[in-house]
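Novice: Model the following, please.
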Amino acid sequence: MDLRVKNRVLEILTNHGQLAREDIGMSSTLESLGIDSVGVVEVIFAIEEEFDINIPYNANETLSKRLDFSNVLSIVELVSELVRDNHKF
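Specialist: Numbering: from 1, shown residues only. The predicted structure is shown next:
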């Protein structure tokens with residue numbers, strides 16, 4: 001896991017969930033953080049913009065295993081992988 005990615009993802013979640021950073025654990029779900037479905041889309045857009053990546057997410061489809069947004073750790077791992085694949089950041 002890239003610590004720079006982790007810190008930036010946590011910052012995005014902090015801003016979008018209006019949370020204190022210490023309230024966000026790596027096993028926290030977006031739902032447990034109070035981030036609803038609209039918030040999830042906003043988080044995805046913010047992550048894409050921050051890291052200049054594309055997360056192929058369709059709200060009308062079940063997420064594939066590769067697009068695991070089940071908790072903060074899975075989001076950080078996904079973003080780290082996409083950043084690595086794009087050789088950016």
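Novice: going forward, measure contacts between C-alpha atoms and count neighbours the same way
Specialist: OK.
Novice: Would you map the helices across the protein?
Specialist: In the chain, the helices defined using DSSP state H lie at 3-17, 37-51, 72-86.
Novice: angle of the second one against helix 3-17?
Specialist: Following axes from the mean of the first three to the mean of the last three CA atoms, to 10 degrees, one obtains 140 degrees for the angle between helix 37-51 and helix 3-17.
Novice: could you dump helix 37-51 to CSV, C-alpha only?
Specialist: Taking C-alpha atoms only, helix 37-51 is exported to CSV below (Å, rounded to 0.1, in the frame of the first residue of the first chain):
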residue,chain,number,x,y,z
SER,A,37,-24.7,6.4,-2.3
VAL,A,38,-24.5,10.0,-3.6
GLY,A,39,-21.5,10.5,-1.4
VAL,A,40,-19.8,7.4,-2.8
VAL,A,41,-20.1,8.8,-6.3
GLU,A,42,-18.7,12.1,-5.1
VAL,A,43,-15.8,10.3,-3.4
ILE,A,44,-15.1,8.4,-6.6
PHE,A,45,-15.0,11.6,-8.6
ALA,A,46,-12.8,13.2,-6.1
ILE,A,47,-10.4,10.3,-6.1
GLU,A,48,-10.3,10.2,-9.9
GLU,A,49,-9.5,13.9,-10.0
GLU,A,50,-6.9,13.8,-7.3
PHE,A,51,-5.0,10.9,-8.8
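Novice: So for that helix, mean pLDDT?
Specialist: Average pLDDT, helix 37-51: 93.
Novice: ditto for the first one
Specialist: Helix 3-17 comes out with an average pLDDT of 94.
Novice: and it, what does it pack onto?
Specialist: Secondary-structure packing of helix 3-17 (3 or more CA pairs under 8 Å, 6 or more residues apart in numbering; DSSP states H and E): helix 37-51, helix 72-86.
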